[in-house]
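[1] fold the following.
(chains A and B)
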Amino acid sequence: ETGVTQSPTHLIKTRGQQVTLRCSSQSGHNTVSWYQQALGQGPQFIFQYYREEENGRGNFPPRFSGLQFPNYSSELNVNALELDDSALYLCASSRGGGRDQETQYFGPGTRLLVL
Amino acid sequence: EDQVTQSPEALRLQEGESSSLNCSYTVSGLRGLFWYRQDPGKGPEFLFTLYSAGEEKEKERLKATLTKKESFLHITAPKPEDSATYLCAVTRNYGQNFVFGPGTRLSVLP
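    Sure, this is the predicted structure:
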């Protein structure tokens, strides 16, 4: 069973630029959630996608947007990057439906640095 | 607003010295509480899910328990490889909006 994968592993951008991060969900999972984790803090929920539709959103501005594709892989797009966007971005997938949906399995993350 | 706090912030143990980590939560209608382990620079690794007060789960040297206001992660006779940050998260609806605590950084010295 293939786990959650993310790309790229590291990224350096400058303020005002746009970035796209990618995630492949674990085999058999149809739900993908994205989190932002600042250094020394717990992950913060950005949004979740279930069967290609946004299924919940945390307290993040609209410049954070996403997509989920028919194969359940997902993208996180961030426009107009700010210095505070520097963080580890985590993708998590889950099976969907009933209690199994609650258990989320995380990828290794993408480390984004905004200069 | 849902809140999760964890204590202590950091914990140093000698190998074999058992201890407990605490996760206190304020959430309306808890559906599940989750424990994860995170190594530096990596994604969180799933450990346990607890759904109702009184529930307990065990895995090797770890045991998680749940009450109506908090959860404990008990570590029995820890080894240096147990060193990591332990994260607690709660949810009150189907998989959305996991609320994580700040984590406890555990160091186990040989």
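[2] which residues does the residue nearest to A:Glu53 when sequence neighbours are not counted form a beta bridge with?
    The shortest distance from A:Glu53 to any non-neighbouring residue, by Cβ to Cβ, 6 or more residues apart in numbering or on different chains, is to A:Gln68 (7.7 Å). Every residue, glycine included, has its C-beta placed from N, CA and C. When assigned by DSSP bridges, A:Gln68 has beta-bridge partners A:Ser74.
[3] compute the number of surrounding residues for A:Gln68.
    Neighbour count for A:Gln68, taken as other Cβ atoms under 10 Å in any protein chain shown: 22.
[4] roughly how far apart are it and B:Pro44?
    Counting by Cβ to Cβ, to the nearest Å, the gap from A:Gln68 to B:Pro44 is 21 Å.
[5] how about B:Glu56?
    For B:Glu56, the distance to B:Pro44 - Cβ to Cβ - is 21 Å.
[6] B:Phe98 now?
    10 Å.
[7] coming back round to it: more neighbours: B:Glu56 and B:Pro44, which one.
    Legend: neighbour count by other Cβ under 10 Å for B:Glu56 and B:Pro44, higher for B:Pro44 (29 against 12).
[8] so, low pLDDT: which residues of chain A?
    A:1, A:97-101 (pLDDT under 70).
[9] got a list of what the residue positioned nearest the centre of it touches?
    Closest to where the C-alpha atoms of chain A average out (Cα atoms, centre = their mean) is A:Trp34, at 2.9 Å. Counting by Cβ atoms under 8 Å, 6 or more residues apart in numbering or on different chains, A:Trp34 touches A:Cys23, A:Phe45, A:Ile46, A:Phe47, A:Gln48, A:Gly66, A:Ser74, A:Leu76, A:Tyr89, A:Leu90, A:Cys91, A:Ala92.
[10] cool, A:Ser74 as well?
    Per Cβ under 8 Å, 6+ apart, neighbours of A:Ser74: A:Arg22, A:Cys23, A:Ser25, A:Val32, A:Trp34, A:Tyr49, A:Gly66, A:Leu67, A:Gln68, A:Cys91.
[11] which of those count as buried?
    Buried members of the contacts of A:Ser74, counted by 16 or more other Cβ atoms under 10 Å in any protein chain shown: A:Arg22, A:Cys23, A:Ser25, A:Val32, A:Trp34, A:Tyr49, A:Gly66, A:Gln68, A:Cys91.
[12] pick out whichever of those residues sits closest to chain B.
    A:Cys91 (8.2 Å; Cβ to the nearest Cβ).
[13] for that closest one, phi and psi?
    For A:Cys91, the backbone dihedrals (degrees, to the nearest 10) come out as phi -110, psi 140.
[14] surely it meets A:Gln36?
    No: A:Cys91 is beyond contact range of A:Gln36, at 11.1 Å (criterion: Cβ atoms under 8 Å).
[15] my guess is the residue nearest to the centre of chain A is in a strand, correct?
    Yes: counting by DSSP: H, G, I helix; E, B strand; the rest coil, A:Trp34 falls inside a strand.
[16] what parts of chain A come near chain B?
    A:4, A:31, A:33, A:35, A:40-45, A:48, A:50, A:55-56, A:58, A:88, A:90, A:92, A:94, A:96, A:99, A:101-109, A:111 (Cβ under 8 Å from any Cβ of the partner chain).
[17] name the next helix or strand downstream of the host helix or strand of A:Ile46, please.
    A:Ile46 belongs to strand A:44-50 when assigned by DSSP states H and E. Counting by DSSP H and E, the element after strand A:44-50 in chain order, helix or strand, is strand A:53-57.
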